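1. generate coordinates for the sequence data below:
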Amino acid sequence: MDHTLPIYVISVAAELADMHPQTLRQYDRLGLVTPSRAPGRARRYSQKDVGTLREIQRLSQEGVSLEGIRRILELENQVAALQSRVAELSSELAARRVHAESSRVFAAGLAGDVVTLVRGQRPRPRSQALMVWRPEPARTPNQARR
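-> All right, here's what the predicted structure looks like:
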């Protein structure tokens, strides 16, 4: 089941979070929890919202002010977004590394033979006089006339 699916009406969410429905309305006004709205403007809470309400209750019982709770939740959301972005960038970097390792570099010998080298591999010693050659990108017909 998708834990972000808004399925609970306010009375059920309040019962699951062990709170009064009016408390949920107040938290909505303060922006601590933002439930979805069903047709007719009725609030709908997800399992994730209920978990947030429980976290708010726990922090409140520990003496954290509502403004402090709002800031904690905001920072937790920022951390989650940044962790997601780091995972995305790490995946992209890994894909680029695989591509870079698989790209080829060619070396041409004096006899005209072409040798494929692995990126980072050095050509044969200078005594065998190899030149490194990389294929040029394809040209359009307009570029070829110039």
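2. so how far is the host helix or strand of residue 74 off the chain centroid?
-> Per DSSP states H and E, residue 74 falls inside helix 66-102. The chain centre lies 5 Å from the centre of helix 66-102; the measure is C-alpha atoms, centre = their mean, to the nearest Å.
3. which helices and strands does that helix pack with?
-> When contacts are defined as 3 or more C-beta pairs under 8 Å, 6 or more residues apart in numbering; DSSP states H and E, helix 66-102 sits against helix 47-61. All C-beta atoms are positioned from the backbone trio N, CA, C, and that covers glycine.
4. pull the residues that contact the helix it packs on.
-> Outside helix 47-61, the residues within contact range by C-beta atoms under 8 Å, 6 or more residues apart in numbering are 1, 3-8, 13, 16-19, 24, 27, 32-33, 35, 45, 66, 68-69, 72-73.
5. now, which of those lie within helices?
-> Counting by DSSP state H, the part of the contacts of helix 47-61 found in helices is 13, 16, 24, 27, 66, 68, 69, 72, 73.
6. ok, the fifth one touching residue 29?
-> Think residue 66. No - in this structure, residue 66 is not within contact of residue 29 by C-beta atoms under 8 Å, at 10.9 Å.
7. quick one: buried residues of stretch 71-87?
-> Neighbour-count burial for stretch 71-87 flags residue 73 (criterion: 16 or more other C-beta atoms under 10 Å).
8. just to revisit the earlier point, give me the mean pLDDT for the helix holding residue 74.
-> The average pLDDT within helix 66-102 is 91.
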